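Participant: how would this look folded up:
(one chain, ligands or ions: 1)
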Amino acid sequence: MKLVTKFLLSSMLVAVCAGASAQDKVLNLYSARHYPTDEALYSDFTKATGIKINRVDADDAGILARLKAEGAASPADVILLVDAARLWRAEVDGLFLPIKSKVLEEAIPVNLRATPFDNGGTSWFGLSTRARVVVFDKLKYNKADFDSYEKLADPKFKGQLCIRSGSHPYNLSLFGSMYEHLGPQKIEAWLKGLVDNMARTPKGGDTDQIKAVAAGEYGVAVTNTYYLARLMRSSNQADKAVTEKIGVVFPNQSSWGTHLNIAGGAVAKHAKNPESAVKFLEYLASPSAQNHFANGNNEWPAAKGVSIDNPALKAMSGGSFKSELVPISAVGMNQVKVQQMLDRVGFK
Ligand code: FE
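Facilitator: Predicted structure coming up:
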């Protein structure tokens, strides 16, 4: 009986796939990946499969808002977001379809993907990783001054800290993980310490913070690694000069490890082409696409066993570093509490 059911199901699946193949030739991608180098990644997929990528760009929040507003009428098939907590938020809001893929399950480590649903399937998979590190003015400080995130709040660095808005997803995720490590009292005191040490009201992106430190205006900044690697690999002499003036620390190597964020992918809840969407995500987890993330946008691979050759990533990390293993769901859940704390301590 079971065998018959299985056979019927598999022939139905084949039928679905065959019937869908004509309309599957275009895949609607909503992407928060704001990196021009991704273009080649998408065209390689089209070359290999004949499936065209129709891309809509927005930031994480914009994509989530759009998916909600469009509801069942959404043309989105596949979603790429650049922050773990946003992926978690979209999952909780029911915006994704469960993915069943042996390829993705084998390639992506358990801590870099959503917790599986009880009835099988995974909501989203991490596809690349980036660390949130500290850069400092080499003339004023050394690595030991900032070898933990906690030290950024030390009163001796008053007026020295450059950091982008606290409400930006990259910071909310860092703070959400710090909440897990420090607990509710200590994290609020730490955030207050950061505000007290701020060189200026938060403005600009991570690259602006790096440049302010390199200009000798302020002492220390927080950045995602790929922004720094971009400057290190730039052919522009001014960019190179910036990186020569600063030191880099991967914080908390002797405790829980440096905060890691992910960029990841999911299949949209109302995808018209779910099979192609999964195929696209599987392609992004392949060694060649993982190398593209590494070479194009200076991100570390999320897939297991992929080796990359990126001189900037190697130089800044010394080849390898310890990263934290905080559950993404906890980081996501903590964000509401963290945002309330930011308001209380006046972190803009
Ligand atoms: Fe970014």
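
Participant: And the helices in the stretch 101-250 of the chain?
Facilitator: 102-107, 169-197, 206-214, 225-232, 237-244 (DSSP state H, counting those that start in this stretch).

Participant: Using PDB, list the CA coordinates for stretch 26-40.
Facilitator: Taking C-alpha atoms only, stretch 26-40 is exported to PDB below (Å, rounded to 0.1, in the frame of the first residue of the first chain):
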ATOM      1  CA  VAL A  26      12.100  32.900 -15.400                       C
ATOM      2  CA  LEU A  27      12.800  33.200 -11.700                       C
ATOM      3  CA  ASN A  28      11.700  36.200  -9.800                       C
ATOM      4  CA  LEU A  29      14.400  37.100  -7.200                       C
ATOM      5  CA  TYR A  30      13.900  39.700  -4.400                       C
ATOM      6  CA  SER A  31      17.400  40.500  -3.300                       C
ATOM      7  CA  ALA A  32      18.900  42.600  -0.500                       C
ATOM      8  CA  ARG A  33      22.400  41.700  -1.600                       C
ATOM      9  CA  HIS A  34      23.700  45.200  -2.600                       C
ATOM     10  CA  TYR A  35      26.800  44.000  -4.300                       C
ATOM     11  CA  PRO A  36      27.300  44.700  -8.100                       C
ATOM     12  CA  THR A  37      29.700  41.600  -8.300                       C
ATOM     13  CA  ASP A  38      26.700  39.300  -7.800                       C
ATOM     14  CA  GLU A  39      25.700  40.000 -11.400                       C
ATOM     15  CA  ALA A  40      28.100  37.400 -12.800                       C
END
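
Participant: now what about it, what contacts it?
Facilitator: By CB atoms under 8 Å, 6 or more residues apart in numbering, the residues outside stretch 26-40 that reach it are 42, 51-60, 62-63, 66-67, 75-83, 86, 263, 268, 272-273, 276-277, 280, 292, 296-297. Bear in mind the C-beta positions are built from the backbone N, C-alpha and C, glycine included.

Participant: if you set the cut-off to 7 Å instead, what comes out?
Facilitator: Stretch 26-40 is touched from outside by 51-60, 63, 66, 75-82, 263, 273, 276-277, 280, 292, 296-297, with contacts defined as CB atoms under 7 Å, 6 or more residues apart in numbering.

Participant: Near E150, how many residues? Count them for me, please.
Facilitator: When counting by other CB atoms under 10 Å, one arrives at 17 neighbours for E150.

Participant: re the thing from before, buried among the contacts of stretch 26-40? Make that a PyMOL selection.
Facilitator: Command for PyMOL that selects the buried part of the contacts of stretch 26-40, burial taken from 16 or more other CB atoms under 10 Å:
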select buried, resi 51+53+55+59+60+63+76+77+78+79+80+81+82+263+273+276+277+280+292+296+297
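
Participant: if you look at the contacts of stretch 26-40, which of them are in helices?
Facilitator: Judged by DSSP state H, the subset of these located in helices is D60, I63, R66, S276, A277, F280, H292, G296, N297.

Participant: Switch these over to JSON lines; also include distance to V133.
Facilitator: JSON lines is the format used below for those (distance: CB to CB, whole Å):
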{"residue": "D60", "distance to V133": "21"}
{"residue": "I63", "distance to V133": "26"}
{"residue": "R66", "distance to V133": "32"}
{"residue": "S276", "distance to V133": "36"}
{"residue": "A277", "distance to V133": "33"}
{"residue": "F280", "distance to V133": "30"}
{"residue": "H292", "distance to V133": "22"}
{"residue": "G296", "distance to V133": "20"}
{"residue": "N297", "distance to V133": "16"}
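
Participant: Among the residues you listed, which one lies nearest to F146?
Facilitator: Using CB to CB, N297 is the member of the ones in helices among the contacts of stretch 26-40 that lies nearest F146, at 25.1 Å.

Participant: Chain neighbours aside, what residue packs nearest to that closest one?
Facilitator: Residue nearest to N297 in three dimensions, not counting chain neighbours: Y35, with 4.4 Å by CB to CB, 6 or more residues apart in numbering.

Participant: Quick check, pLDDT for A85.
Facilitator: At A85, the model reports a pLDDT of 89.

Participant: Kindly tell me how buried it is, as a neighbour count.
Facilitator: Residues lying near A85 (other CB under 10 Å) number 27.

Participant: can you check S123 too?
Facilitator: 23.

Participant: Roughly how far does it sit from Y227?
Facilitator: As defined by CB to CB, to the nearest Å, S123 lies at a distance of 28 Å from Y227.

Participant: now do K304
Facilitator: 26 Å.

Participant: who's more crowded, those two?
Facilitator: Y227 (21 against 12).

Participant: Just the pLDDT for that one.
Facilitator: In this model, Y227 carries a pLDDT of 97.

Participant: List the residues that contact the closest residue to it other than its chain neighbours.
Facilitator: Nearest residue to Y227, sequence neighbours excluded (CB to CB, 6+ apart): D206, at 4.4 Å. D206 sits next to R164, T223, N224, Y227 when contact means CB under 7 Å, 6+ apart.

Participant: Who wins on neighbours among those residues?
Facilitator: Neighbour max across the contacts of D206 (other CB under 10 Å) = T223, 27 neighbours.

Participant: From R130, how far off is the nearest residue to it once chain neighbours are set aside?
Facilitator: Using CB to CB, 6+ apart and skipping the chain neighbours, the partner closest in space to T223 is D206 (3.9 Å). Here D206 is placed at a distance of 10 Å from R130 (CB to CB).

Participant: any common contacting residues for the two?
Facilitator: N224.

Participant: Fine, thanks again, bye for now.
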